[in-house]
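> need coordinates for the below:
(2 chains)
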Number of protein chains: 2
Amino acid sequence: MPPPYQRQVFVCTNRRPDGSPRGCCASKGGEDLKLALKKEMDAQDVKGTRINGAGCLDACERGMSIVVYPEQVWYGPVTLSDVKEIVSSHLKEGQVVERLRMKLPIERKKD
Amino acid sequence: MPPPYQRQVFVCTNRRPDGSPRGCCASKGGEDLKLALKKEMDAQDVKGTRINGAGCLDACERGMSIVVYPEQVWYGPVTLSDVKEIVSSHLKEGQVVERLRMKLPIERKKD
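Coordinates of the predicted model:
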């Protein structure tokens, strides 16, 4: 399914050096999160949404972090246990998962 | 500058195996395109927009490909010579560069 998509989800898979004060989504499981979202999309037969890995979304302190467009909804921290609800509620039914919305602003740590 | 951003640009940097009939944005210079967009943003002092690399946007035949959110505007094929105009027109002034809009639908080649 080529673009345009109804929705596109970008999952941060950026890796920072070990011990970075900001942490990073890769070390928290960003790649696994991306794969879990894809798998759950298939399981729930959700169409029209593409899941993509992305470079640093600069929300490291709130990772794992994802953003859903075009709604521009940020989620984080997200864990693997949140995947089913994100897919069933937001990606399938269009209902934002309020409890997972990223708290803003983010106070960034020195790196 | 943490999220939310006014705009976010995702640049496909996906690499397919050499000789893939679909081609890929990496072999066409996706990483260079991403860096050129960042550099031009700085040069033109554009604020509020984040440039991110992304996995396969599945617009391989129209690569190099990028998508601008939240407007959900797809550009491709984009070359390095288009970077100044994308930044000055779209990212700075909010005017879509119509000549670069991706032609849809895409007839995907077998991979």
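
> CA only for contacts and neighbour counts going forward, please
OK.

> nearest to chain B: which residue in chain A?
Chain B sits closest to residue A:54 of chain A, with a gap of 4.3 Å, by CA to the nearest CA.

> residue ranges of the helices in chain A, please?
Counting by DSSP state H, residue ranges of the helices within chain A are A:25-28, A:30-43, A:83-85, A:93.

> could I get those helices in TSV, plus columns for distance to residue A:16, mean pLDDT and mean neighbour count?
Converted to TSV, those look like this (distance: least, CA to CA, whole Å; pLDDT from 0 to 100; neighbours: other CA atoms under 10 Å in any protein chain shown):
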stretch	distance to residue A:16	mean pLDDT	mean neighbour count
helix A:25-28	8	90	21
helix A:30-43	12	97	18
helix A:83-85	24	98	17
helix A:93	34	97	11
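
> so which of those helices is nearest residue A:58?
Residue A:58 sits nearest to helix A:25-28 of all the helices of chain A, at 9.9 Å, using CA to CA.

> and the closest one, how far from the chain's centre?
12 Å (CA atoms, centre = their mean, to the nearest Å).

> ok, residues contacting that helix?
A:12, A:13, A:14, A:15, A:16, A:60, A:63, A:64, A:65 (CA atoms under 8 Å, 6 or more residues apart in numbering or on different chains).

> buried set for stretch A:17-27?
A:22, A:23, A:24, A:25, A:26, A:27 (16 or more other CA atoms under 10 Å in any protein chain shown).

> just give the closest residue to the residue nearest the centre of chain A, not the sequence neighbours.
Among the residues of chain A, the one closest to the centroid is residue A:66, at 2.2 Å (CA atoms, centre = their mean). In space, not counting the residues next to it along the chain, residue A:66 is nearest to residue A:11; the distance is 4.6 Å by CA to CA, 6 or more residues apart in numbering or on different chains.

> beta-bridge partners for the one you found, please?
residue A:53, residue A:66 (DSSP bridges).

> show the contacting residues for it.
Neighbours of residue A:11 in contact, by CA under 8 Å, 6+ apart: A:30, A:33, A:34, A:51, A:52, A:53, A:54, A:65, A:66, A:67.

> now residue A:9
Taking CA under 8 Å, 6+ apart as the test, what residue A:9 contacts is A:49, A:50, A:51, A:52, A:66, A:67, A:68, A:69.

> what about the first one, neighbour count?
It refers to residue A:49. 20 (other CA atoms under 10 Å in any protein chain shown).

> give me the neighbour count for the closest residue to it other than its chain neighbours.
Spatially, and ignoring its direct neighbours in sequence, residue A:49 is nearest to residue A:7 (4.6 Å; CA to CA, 6+ apart). Neighbour count of residue A:7, defined by other CA under 10 Å: 18.

> pretty sure residue A:87 sits against residue A:40.
Yes: using CA atoms under 8 Å, residue A:87 is in contact with residue A:40, at 6.9 Å.

> related to what we said a few turns ago, quick one: contacts for the residue nearest to the centre of chain A?
Residue A:66 touches A:9, A:10, A:11, A:12, A:74, A:75, A:76, A:78, counting by CA under 8 Å, 6+ apart.
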